[in-house]
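Chemist: any chance you could fold what I've pasted below:
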Amino acid sequence: MQYLLMIYSAETAEPEPGTPEFEAHIGRYLRLTDEMNEAGVMLDGRPLEPVSTATTVRLRQGETMVTDGPFAETKEQLGGFYLLDCPNLDDAIDWAKRIPSAEFGSIEIRPIMPLE
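Modeler: Residues are numbered from 1 along each chain as shown. Predicted coordinates for the structure are as follows:
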């Protein structure tokens, strides 16, 4: 079964780029990604640009509305994802709890709907 692990956190909760804490944080992500690849479960995974670069598109009564910024005002923003192929939800949870940002954010797991 394929699962999308979406990584949410407040951008201000993450270590500052250029600091030793940031380098250690990124190192943990790189090691986890290597482990996922070695286990054969990783299909894809990417960080996203900051939420300030987001664009939201809405179509209402035939009119397109384009606004800068995220869909909703929230404390935590989607910062990246992993797409994994796991035998079951328990296995996906085991991987999710190892994602470094889970310590100060949250990881949402969603099964991918199979299409015939």
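
Chemist: hmm, residue 86 is touching residue 5, no?
Modeler: No: counting by C-beta atoms under 8 Å, residue 86 sits too far from residue 5 to count as a contact (9.6 Å). For the C-beta atoms, the positions are set from N, CA and C on the backbone; glycine is no exception.

Chemist: and for these two, which residues touch both?
Modeler: Both residue 86 and residue 5 are in contact with 92, 95, where contact means C-beta atoms under 8 Å, 6 or more residues apart in numbering.

Chemist: export the helix or strand where residue 36 lies as PDB, just CAs?
Modeler: According to DSSP states H and E, residue 36 maps onto helix 20-39. In PDB, the C-alpha atoms belonging to helix 20-39 read as follows (Å, rounded to 0.1, in the frame of the first residue of the first chain):
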ATOM      1  CA  PRO A  20      25.000  23.800  13.700                       C
ATOM      2  CA  GLU A  21      21.500  22.700  14.900                       C
ATOM      3  CA  PHE A  22      20.200  23.100  11.300                       C
ATOM      4  CA  GLU A  23      23.100  21.000   9.900                       C
ATOM      5  CA  ALA A  24      22.400  18.200  12.500                       C
ATOM      6  CA  HIS A  25      18.600  18.400  11.700                       C
ATOM      7  CA  ILE A  26      19.300  18.000   7.900                       C
ATOM      8  CA  GLY A  27      21.700  15.200   8.700                       C
ATOM      9  CA  ARG A  28      19.000  13.300  10.500                       C
ATOM     10  CA  TYR A  29      16.700  13.700   7.400                       C
ATOM     11  CA  LEU A  30      19.500  12.500   5.100                       C
ATOM     12  CA  ARG A  31      20.100   9.400   7.200                       C
ATOM     13  CA  LEU A  32      16.400   8.600   7.500                       C
ATOM     14  CA  THR A  33      16.000   9.000   3.700                       C
ATOM     15  CA  ASP A  34      18.900   6.600   3.200                       C
ATOM     16  CA  GLU A  35      17.300   4.100   5.500                       C
ATOM     17  CA  MET A  36      14.000   4.300   3.700                       C
ATOM     18  CA  ASN A  37      15.800   3.700   0.400                       C
ATOM     19  CA  GLU A  38      17.800   0.800   1.800                       C
ATOM     20  CA  ALA A  39      14.500  -0.800   3.100                       C
END
